[in-house]
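Undergrad: Structure for the following, please:
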Amino acid sequence: MIVSGPISPKNAEIARLRELARQRRARSEAGRFLVEGTKLTIEALRSELAVCDVWVDADHDLDPILQQCLDDAALHPRLVGRGGVARFASTTSPQPVVAEVEVPTPDTTILNGATAVLVAADVNDPGNLGTLMRSALAAGFDAIVALGDTTDPFSPKSVRAAAGATFRLPVIVERSAADGFDLLTSAGLRVIGTRMTNATDCDQADLLSRVALVVGNEAHGLAVAFGDRVDDWVRIPMAGDVESLNVAMAATVLTYEVARQRRNSA
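TA: Numbers count the residues shown, from 1 in each chain. Now for the predicted structure:
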């Protein structure tokens, strides 16, 4: 049941939420990110992440399932004056429900027991990164690691594209690519890089060991500087005059190849 009165769309809280939606620095400093829409808010409330607040337009009737989740969490939604959510939501026609969630900080030692990890190195597009997270979860990977200049996995667009994977898959962010590769190797993971030349076809490569599968920047692929950190290289064999696949599509193919080999081996 909604019990608090609505705050004005001009309230300072709205400005704070707008910064969380738009600025990586604000999310990092606050340790919080925004989840937009009823469906994802329900998933956040059902996850192990800490939901701090749920913001709702005053004239919006809550979905009964969302209301039950709020009741279960003993959380009262925060009302915003009509159209207030649109002032900080990231989409042109936003849903009138937004959750404010604590950014999870998984212990990097989880890599020590991981059998398959997807690594995004300098991936710029938040939609691509969210899709990488979704594919990694669907293929049974244990975690995703965002290295270097990779976009923020907790930006609104990444969270939408991840379609709930944000709440279920450990996400390790390491802004220093060198330190990130050190984490992978110290965990005993075999680092598999992706490139089009001088690489083994993925369906011919042995991907049954504990692997960290690394994909690179959309325009330039995996940086040359990372080459000496890679143990083996794989490629996706392609017919026809196709130069390459989108990084999210390529990662989906490769994560499912890892899953296929393990399923067949079992």
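
Undergrad: Count the residues that sit near residue 72.
TA: By other Cβ atoms under 10 Å, the residues close to residue 72 number 10. C-beta here means a position set from N, CA and C on the backbone, and glycine is covered the same way.

Undergrad: all strands of the protein, in order?
TA: Under the criterion DSSP state E, the chain contains strands at 32-36, 51-57, 78-80, 97-102, 116-121, 143-147, 171-174, 190-194, 200-201, 211-215, 232-235.

Undergrad: Just the buried residues of the third one, please?
TA: Across strand 78-80, burial judged by 16 or more other Cβ atoms under 10 Å covers 78-80.

Undergrad: and it, what other elements does it pack with?
TA: Under the contact criterion of 3 or more Cβ pairs under 8 Å, 6 or more residues apart in numbering; DSSP states H and E, strand 78-80 touches strand 51-57.

Undergrad: Looking at the strand it packs on now, give me its mean pLDDT.
TA: If you average the pLDDT over strand 51-57, you get 94.

Undergrad: ditto for stretch 179-186
TA: 96.

Undergrad: With stretch 63-76 instead?
TA: Computed over stretch 63-76, the mean pLDDT rounds to 96.

Undergrad: Same question for stretch 15-32.
TA: Across stretch 15-32, pLDDT averages out at 96.

Undergrad: what comes up buried for that stretch?
TA: Buried residues in stretch 15-32, defined by neighbour count with 16+ other Cβ under 10 Å: 17-18, 20-21, 26-27, 30, 32.

Undergrad: circling back to that earlier point, compare the strands of the chain and give me the one nearest residue 184.
TA: strand 211-215 (4.5 Å; Cβ to Cβ).

Undergrad: So which other helices or strands are in contact with that closest one?
TA: strand 116-121, strand 190-194, helix 247-265.

Undergrad: thinking again about what came up before, inside helices: which ones of the buried residues of stretch 15-32?
TA: Those of those mapping onto helices are 17-18, 20-21, 26-27, 30, per DSSP state H.

Undergrad: Straight-line length of stretch 59-78, end to end?
TA: Terminal residues of stretch 59-78 lie 12 Å apart, using Cα to Cα, to the nearest Å.

Undergrad: now that stretch, how far from the centre of its chain.
TA: 25 Å (Cα atoms, centre = their mean, to the nearest Å).

Undergrad: That stretch: which residues count as buried?
TA: Using 16+ other Cβ under 10 Å as the test for burial, stretch 59-78 gives 60, 62, 66, 69-70, 77-78.

Undergrad: which among these gets closest to residue 240?
TA: Using Cβ to Cβ, residue 66 comes nearest to residue 240 of the buried residues of stretch 59-78, at 46.7 Å.
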